[in-house]
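# Predicted coordinates and the sequence they were generated for:
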Amino acid sequence: MSDALARGGEAPGVDTGVAHSARVYDYILGGSDNHPADRAAAEQMLRGYPALRTSMRQNRAFMHRAVRYAARQGLEQFLDIGTGIPTSPNVHEVAQAVTPGARVVYVDRDPLVFAQAAARLTGTPQGRVGWLLADMADPAAVLGSPEVTGTLDLGRPVALSLIGVLQFVPDKEQAYALVRRYLDRLAPGSMLTITTATSDSAPVQAGSAAEQFRRSGIPVRDSTRADVLPYFDGLDLVAPGVVLVHRWHPEPGTEGAVRDSEVAMYAGVARKP
């Protein structure tokens with residue numbers, strides 16, 4: 001890590017004058033690792049779709065439930081692709097609360113995210129946490145990196161998480177192929193968890209937010225439920241299947257607290273046979 005990052009300075013190569021998806025997400029979630037361009041873009045999105053904040057929070061809550069589910073199914077290794085700016089509790093905190101010896105590697109291509117992760121994400125003494133600055137579009141480089149191979153045993157099951165990142169792959173066929181390239185390298189018993197953006201539940205409002213993303217220079221691709229299902233071809237999809245994030249194993253007593261129209265993310269979890 002550079003001296004600037006060690007002191008908490010801005011990561012090299014980060015253009016803070018242009019909105020960035022991770023920083024927009026951070027702002028909408030109530031974080032402080034964002035800049036005027038991110039806040040301006042976020043406020044435009046919220047004007048068109050005020051429920052976007054609810055949707056993003058539900059996406060985060062789903063991630064917590066999915067990680068907890070995988071850990072309770074006996075998985076002890078987690079690979080989080082497209083980490084985003086750390087917001088506690090993160091994957092390692094949730095996993096290690098169930099299995100203190102869990103091992104987690106975070107991957108993101110953004111230098112700012114990498115700097116924040118390296119500074120903030122530490123795990124239990126029994127487990128391990130690693131960080132990798134890399135582009136998810138190159139699975140061979142990610143899975144062959146010392147950070148991954150030195151932390152995870154790819155001969156054993158791994159829980160692969162792609163939370164809110166596949167919508168930034170411009171072509172859905174490319175996105176399917178990308179996920180398949182990761183899964184092909186993972187052992188039987190591994191799990192795939194994804195969320196991705198949709199406007200099915202709120203065509204006008206969520207569609208407006210997606211359009212504002214694009215106007216801010218952040219290409220984003222909407223998916224229908226039919227578009228999401230092929231990610232899980234050949235896998236054992238966990239019930240209730242592909243659903244809006246708040247409908248996947250909601251916490252007891254929370255059913256009905258959020259309307260479908262307030263959520264613009266599909267989710268699914270599956271196991272590799």
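Everything's here; your move.
# Okay, helices next: where are they in the stretch 151-273 of the chain?
Under the criterion DSSP state H, counting those that start in this stretch, helices of the stretch 151-273 of the chain are mapped to 172-185, 203-215, 225-228.
# Output the second one as PDB, nothing but the C-alphas.
In other words, helix 203-215. In PDB, the C-alpha atoms belonging to helix 203-215 read as follows (Å, rounded to 0.1, in the frame of the first residue of the first chain):
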ATOM      1  CA  PRO A 203     -41.100   0.300 -14.300                       C
ATOM      2  CA  VAL A 204     -41.400   4.000 -14.300                       C
ATOM      3  CA  GLN A 205     -39.500   5.000 -11.100                       C
ATOM      4  CA  ALA A 206     -36.800   2.300 -11.200                       C
ATOM      5  CA  GLY A 207     -36.400   2.900 -14.900                       C
ATOM      6  CA  SER A 208     -35.900   6.600 -14.100                       C
ATOM      7  CA  ALA A 209     -33.100   5.800 -11.600                       C
ATOM      8  CA  ALA A 210     -31.400   3.500 -14.100                       C
ATOM      9  CA  GLU A 211     -31.500   6.200 -16.800                       C
ATOM     10  CA  GLN A 212     -30.000   8.700 -14.300                       C
ATOM     11  CA  PHE A 213     -27.200   6.300 -13.700                       C
ATOM     12  CA  ARG A 214     -26.500   6.200 -17.400                       C
ATOM     13  CA  ARG A 215     -26.600  10.000 -17.700                       C
END
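# What residues of the helix with the most length in the chain count as buried?
Scanning the chain for the longest helix, with DSSP state H as the assignment, gives helix 52-72. When burial is assessed from 16 or more other C-beta atoms under 10 Å, helix 52-72 yields the following buried residues: 52-67, 69-71. From N, CA and C alone the C-beta is placed, and that goes for glycine too.
# Over to stretch 99-107?
For stretch 99-107, using 16+ other C-beta under 10 Å, the buried residues are 99, 102, 103, 104, 105, 106, 107.
# With pLDDT, distance to residue 251 and secondary structure added, can I get those residues in a markdown table?
Output for the buried residues of stretch 99-107, formatted as a markdown table (pLDDT from 0 to 100; distance: C-beta to C-beta, whole Å; DSSP: H, G, I helix; E, B strand; the rest coil):
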| residue | pLDDT | distance to residue 251 | secondary structure |
| --- | --- | --- | --- |
| 99 | 96 | 20 | coil |
| 102 | 97 | 21 | coil |
| 103 | 96 | 26 | strand |
| 104 | 95 | 23 | strand |
| 105 | 95 | 27 | strand |
| 106 | 93 | 25 | strand |
| 107 | 93 | 28 | strand |
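# Take those residues and write them to TSV, including distance to residue 192.
Output for these, formatted as TSV (distance: C-beta to C-beta, whole Å):
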residue	distance to residue 192
99	19
102	17
103	18
104	16
105	16
106	17
107	15
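# what about the closest residue to residue 215 other than its chain neighbours, which SS state?
Computed as C-beta to C-beta, 6 or more residues apart in numbering, the closest residue to residue 215 that is not its neighbour in sequence is residue 44, at 7.8 Å. The three-state label given to residue 44 by DSSP: H, G, I helix; E, B strand; the rest coil is helix.
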